[in-house]
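Peer 1: Sequence isn't available, so here's the structure alone:
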């Protein structure tokens, strides 16, 4: 070169290394995942302030925070959702007792949502651990984790660091409570756990039955009721509900017919032909006798009968009193006397009138 300096070769002009043999497809996939994970910046995991504000503002169950990583990351596409979630959860370090206390005091005094976020994020592993304890098919583990996260945020909201209890110990009660409520609401089509006795039996009945069998006792409903401090009827009902799946009464029977269980096994609520005919005859008999009774009325009584007792839109007692210049109480007395006369008239002409008549309340 003219200036005497040695020119450095550009990367494009450098000799390329010999290309190794093509790896197996499994190795390519694992390498791509590792590169994608390494490409995720820690700053990308910070939540939006609006999402964190839900921890402070919600009075009831709060909505879960936004995703811990942006949607569409290449490293999360090929993995199981639970593995992807755990990969993000483990990025958040655990807090020491001093850090936890300082953040809790900061949130308690100032309402700093960033402090609340760090408290929540550092305990997400605990939620997954507790969710595994209660995971049973057909419930989704991720659904249990989501409910547990809501309980964790409620725990952070109500946590008092001055009591000397670790946040994880306090939050475990809230996490379990939200997970158990979700299980009871979604275990069966018909909701379980609507009473304290049902909630106790839902979680302890099978355990107590196994314990009695191991001790050599017959797990009778009476003995189980005494052990669990519930009624014998509660034990019988819960044992039946846990031992059998619900069946829809509207589902087809599957025997090449369109009939349902409701049509085949439940009594029909529709009136039979004889009952319908009898009702029509009784109505016609009432109409005929009411017409006869109306011929015996005149003046105020006829007006009240036609415009109040049998009218589709009856007048009020005040309207009747205004028409005839009497008080509302006087109009009521005339109506009561008229009803008594009509009842006696019907009783004379219709057999067993007292059995079919509806008493006036």
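Peer 2: Right, received. Where do you want to start? The shown structure was predicted, so the numbers you read here are calculated from the model rather than taken from an experiment.
Peer 1: On the three-state scheme, residue 165 is what?
Peer 2: Secondary structure, DSSP: H, G, I helix; E, B strand; the rest coil: residue 165 is coil.
Peer 1: next one: residue 136
Peer 2: Strictly by three-state DSSP, residue 136 counts as coil.
Peer 1: now it: how far from residue 126?
Peer 2: 20 Å (CB to CB, to the nearest Å). To be clear about C-beta, it is placed using only N, CA and C from the backbone, and glycine gets the same treatment.
Peer 1: Tell me the buried residues in stretch 89-99?
Peer 2: For stretch 89-99, burial by neighbour count (16 or more other CB atoms under 10 Å) applies to 89, 92, 95.
Peer 1: Please report the distance of the first one from residue 197.
Peer 2: Which is residue 89. For residue 89 relative to residue 197 (CB to CB), the value is 37 Å.
Peer 1: Could you do the second one as well?
Peer 2: If you measure residue 92 against residue 197 using CB to CB, the figure is 40 Å.
Peer 1: now swap in residue 88 and tell me
Peer 2: Residue 88 is 41 Å from residue 197, by CB to CB.
Peer 1: got it, and residue 135?
Peer 2: In this view, residue 135 and residue 197 are 25 Å apart by CB to CB.
Peer 1: Between the two, tell me which one has more neighbours.
Peer 2: residue 197 (19 against 16; other CB atoms under 10 Å).
Peer 1: got a pLDDT number for that one?
Peer 2: Confidence at residue 197, expressed as pLDDT, is 78.
Peer 1: where does the stretch 101-250 of the chain have low pLDDT?
Peer 2: 137-138, 188-194, 243-250 (pLDDT under 70).
Peer 1: just to revisit the earlier point, among the buried residues of stretch 89-99, which are in helices?
Peer 2: Secondary structure from DSSP state H places residue 89 of the buried residues of stretch 89-99 in helices.
Peer 1: Identify, from the buried residues of stretch 89-99, the entry nearest to residue 239.
Peer 2: residue 89 (38.5 Å; CB to CB).
Peer 1: Thought residue 122 was touching the closest one, still the case?
Peer 2: No. Contact criterion CB atoms under 8 Å: residue 89 and residue 122 do not qualify, at 9.8 Å.
Peer 1: Got the domain ranges for the chain?
Peer 2: Domain assignment for the chain, taken from automatic domain parsing, gives 40-186, 196-249, 282-356.
Peer 1: Which one of these lies nearest to residue 275?
Peer 2: Proximity to residue 275, assessed across the domains of the chain by CB to CB, is greatest for domain 282-356 (10.5 Å).
Peer 1: can you tell me the average pLDDT over that closest one?
Peer 2: Domain 282-356 shows a mean pLDDT of 85.
Peer 1: about what we covered before: quick one, which of residue 136 and residue 126 is more surrounded?
Peer 2: More neighbours surround residue 126 than the other of residue 136 and residue 126, with 18 against 9 (other CB under 10 Å).
Peer 1: so what does whichever strand or helix holds residue 199 touch, helix or strand wise?
Peer 2: Per DSSP states H and E: residue 199 is located in helix 196-214. Counting contacts by 3 or more CB pairs under 8 Å, 6 or more residues apart in numbering; DSSP states H and E, helix 196-214 packs against helix 167-186, helix 221-228, helix 232-243.
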